[in-house]
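Asker: Need coordinates for the following:
(2 chains)
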Amino acid sequence: MPEPKLNEPILEIRGLRKSFGALAATDDVSLDLRPGEIHALIGPNGAGKSTLIKQIVGEIRPDAGTIRFEGQVIDGLDAAARARLGLARSFQVSSVIPDFTVLQNVMLAVAGASGAVFRFHLPALADRKLTEPALFHIEQAGLAGRHLVPAATLSHGERRKLEIAMALALRPRAFLLDEPMAGMGLEGGRQLTAILAELRNEAPILLVEHDMDAVFALADRISVLVYGRIIATGSVAEIRANPEVRRSYLGEDA
Amino acid sequence: MQQTLNRDTAVNLAIFALLVATALGAHLAGNGFTVTLATKAAIFGLAGVGLNLALGYGGLISFGHAAFFGIGGYITGILASHASTGTPVLSLPFTVMGSNEMLGIWPMAMLAAGLAALVIGALSLRTSGVYFIMVTLAFAQMLYYFAISWPRYGGEDGLSFYVRNSFPGLNTFAPIQYFAICATLLAVALVFTAVVTQSRFGLALQAARQNSQRTVAVGIRPYAIRLTAFVLSGMIVGLAGSLYADLNRFVSPAMLSWHMSGEIMVFVILGGVGRLCGPVAGAALFILLEHVLGGISDYWQALLGLLLLAIVLFAPGGLIGIVTKRGRHA
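Answerer: Numbers count the residues shown, from 1 in each chain, chains lettered A, B, ... in the order given. From the prediction side, this is the model:
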């Protein structure tokens, strides 16, 4: 595990703004992800969670504000460059390379992280610099023995695990997981909760999640996003007790 | 997985062997015309192999590869015609003399086609889908009309050169020897494609085709990967254009027209998109049909259209897909 600098956030978002026409999808958002923590981002549908994630990974440009990653301003970097710095992302809808095997998918991530993709000569499957780390991360994500299976034929839960293996292959310094529990079912959800609890040992996690059981079980801190604004940040107990959060999101019975 | 790989390899070798056997058999039977047909199949196959790198493996549906085919052809024709008259092609800023040596012409043809692919690719790859198809088509048509309106090298009538360019130690005029040259280059291109598509680069190219967003998320820029594939593809097609010019000892704007782009696409689709030897099988079938059906009716292309329709609807893996019984490629 990399040695975190004490108390210095891995990911530091300051004053982020993004509008689509008159709609302020991100309205002066500031947010930290500290070493070792799971920081959950919750909020009702349409609160702007996806827009925020897309700005962090570099898919869309904010109108204002700054994002620092391990102390470095990354505003000018594109999505591929941010990924190579170790900003590992999973998608709301599982996103893998369907015709590739599990192994090839993770090898792709290892190759991407290495920054050396323009190699034309050596067969990738014979390249132990790709296959060995890939097999290691496949096992880490709980897919041991499944490496020769085409990704298209994986179950939903296995595909989630494959995404995690690919994220691990990036040698992540921070995870951005966009609704990893979506569509997992009870048993799958439990398994994934256990895997996420392990993941935090690799790098801190910014977790966008609708499943409140998982959020309350895993998160060290929670931020609540409503209409593009963060209305509260705090521990699980603080968020549960916050009247504004109860009114606008959790509902009175939470 | 290993088994399907071996099966694919066997099918690829069989297709290539069949082409060589056809040419050799015809040569031994004294049928020079059939040797020339086999040579044409090898050249068209080479063009298809080039396009397949972009279209099949990269998912880049270029409708403008005639540009590279024609550039390869015109470079060959221009160099050869200057060699026969002894005049320089270019005197400023530096002198370029003509050439009738294939070994000198091929690199020039590939370089020119590659440069064109770099420019066309750099601009067209900023678009995708139907816009990409249209932009590549537009560039190729621009070159086509330029060639038509450029009287210096024949304009509309094209440019003839009377002696086939030479290759050290061979008589390129003997049909079987010229076939040997073309078949060898085809084999080199096939091995090159096999190696490249299995490399790291090939992994990234095929990943970008299937899921661009995911490819970015692991730190790879699809644009650079695709542009590289587009340039390599253009260079191979440029080489094919050079060989085709030498086969006919004639180049014309038709080599640059969208019909040509369409034909190269047909080779790839008939044989199997993203299959190594698919374009070779497709080109061979195309030429076979042209001569068997073309002898029966002038409307043979209507039948070709039906066949193409049947393949697209019922066998998207093309001929190779039918033989290997796999609908998709990995």
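
Asker: only C-alpha atoms for contact and neighbour calcs from this point on.
Answerer: OK.

Asker: Quick one: mean pLDDT for stretch B:23-33?
Answerer: Averaging pLDDT along stretch B:23-33 gives 94.

Asker: Around B:Leu186, how many other residues sit close by?
Answerer: If you count neighbours by other CA atoms under 10 Å in any protein chain shown, B:Leu186 ends up with 25.

Asker: tally of neighbours for A:Glu198?
Answerer: By other CA under 10 Å, 13 other residues sit near A:Glu198.

Asker: What average pLDDT does the one helix or strand it maps to get?
Answerer: A:Glu198 is located in helix A:185-199, with elements delineated by DSSP states H and E. Averaging pLDDT along helix A:185-199 yields 83.

Asker: And for stretch B:80-87?
Answerer: Stretch B:80-87 carries an average pLDDT of 89.

Asker: do the same with stretch B:218-237
Answerer: On average, the pLDDT along stretch B:218-237 is 97.

Asker: for it, which positions count as buried?
Answerer: Residues of stretch B:218-237 classed as buried: B:218-223, B:225-237 (neighbour count, 16 or more other CA atoms under 10 Å in any protein chain shown).

Asker: what about the helices in the chain?
Answerer: No chain in the question, so chain A it is. Ranges of helices within chain A are A:49-57, A:79-84, A:102-114, A:128-140, A:156-169, A:185-199, A:212-218, A:236-241, A:243-245, based on DSSP state H.

Asker: you looked at the wrong chain, it should be chain B
Answerer: Assigned by DSSP H, the helices in chain B fall at B:2-28, B:32-52, B:66-85, B:102-124, B:130-148, B:175-198, B:200-210, B:212-217, B:222-248, B:258-271, B:278-296, B:300-314, B:318-324.

Asker: Give me the subset of the buried residues of stretch B:218-237 that also touch chain A.
Answerer: When contact is defined as CA under 8 Å from any CA of the partner chain, those meet chain A at B:Val218, B:Gly219, B:Ile220, B:Arg221, B:Ile225.

Asker: And the pLDDT for A:Pro2?
Answerer: 51.

Asker: do B:Arg326 as well
Answerer: 62.

Asker: and what of A:Gly43?
Answerer: For A:Gly43, the pLDDT comes out at 87.

Asker: What values do phi and psi take at it?
Answerer: phi 160, psi 160 (degrees, to the nearest 10).

Asker: which residue packs closest to it, ignoring adjacent ones?
Answerer: Distances taken as CA to CA, 6 or more residues apart in numbering or on different chains place A:Leu225 nearest to A:Gly43, at 4.8 Å, with adjacent residues excluded.

Asker: Those residues of the stretch 51-200 of chain A touching chain B, which are they?
Answerer: A:79-84, A:88-89, A:95-100, A:104, A:108-109, A:111-113, A:115, A:117-125, A:166-167, A:170.

Asker: Drop anything exposed from those.
Answerer: The neighbour count (16+ other CA under 10 Å) marks A:79-84, A:88-89, A:95-100, A:104, A:108-109, A:111-113, A:117, A:120, A:123-125, A:166-167, A:170 as buried among those.

Asker: At the geometric centre of chain A, which residue do we find?
Answerer: Nearest to the centroid of the C-alpha atoms of chain A, with distances taken as CA atoms, centre = their mean, sits A:Leu176, at 1.7 Å.

Asker: ok, that residue touching A:Arg200?
Answerer: No - using CA atoms under 8 Å, A:Leu176 makes no contact with A:Arg200, being 11.5 Å away.

Asker: Which single residue in chain A comes nearest to chain B?
Answerer: A:Ala80 (3.9 Å; CA to the nearest CA).

Asker: and the residue of the stretch 151-300 of chain B nearest chain A?
Answerer: B:Gly219 (3.9 Å).

Asker: Test my guess that that residue contacts A:Ala116.
Answerer: No - with contact defined as CA under 8 Å, B:Gly219 does not reach A:Ala116; the gap is 10.3 Å.

Asker: And the pLDDT for the spatially closest residue to A:Gly46 that is not a sequence neighbour?
Answerer: Spatially, and ignoring its direct neighbours in sequence, A:Gly46 is nearest to A:Tyr227 (7.2 Å; CA to CA, 6+ apart). Predicted confidence (pLDDT) for A:Tyr227: 88.

Asker: gap between A:Tyr227 and A:Asp27?
Answerer: In this view, A:Tyr227 and A:Asp27 are 8 Å apart by CA to CA, to the nearest Å.

Asker: Give me the more crowded residue out of those two.
Answerer: Between A:Tyr227 and A:Asp27, A:Asp27 has the larger neighbour count (other CA under 10 Å), namely 21 against 18.

Asker: ok, that one to B:Asp246 distance?
Answerer: Taking CA to CA as the measure, A:Asp27 falls 66 Å from B:Asp246.

Asker: What ranges in the stretch 201-330 of chain B fall below the confidence cut-off?
Answerer: Applying pLDDT under 70 to the stretch 201-330 of chain B flags residues B:326-330.

Asker: Chain A contacts on that one?
Answerer: In this structure, the stretch 201-330 of chain B approaches chain A at residues B:201-204, B:207, B:210-211, B:214, B:216-221, B:225, B:329-330, judged by CA under 8 Å from any CA.

Asker: Tell me the buried residues within those residues.
Answerer: Among these, those classed as buried by neighbour count (16+ other CA under 10 Å) are B:201-204, B:207, B:210, B:214, B:216-221, B:225.

Asker: and those, which two are the farthest apart?
Answerer: Using CA to CA, the two most remote members of these are B:Gly202 and B:Ala217, lying 17.5 Å apart.

Asker: Point me to the residue sitting farthest from the middle of the chain.
Answerer: Going with chain A. Distance to the chain centre peaks in chain A at A:His121, reaching 33.3 Å (criterion: CA atoms, centre = their mean).

Asker: Oops, wrong one, chain B.
Answerer: Of all residues in chain B, B:Ala217 has its C-alpha farthest from the mean position, at 33.2 Å, by CA atoms, centre = their mean.
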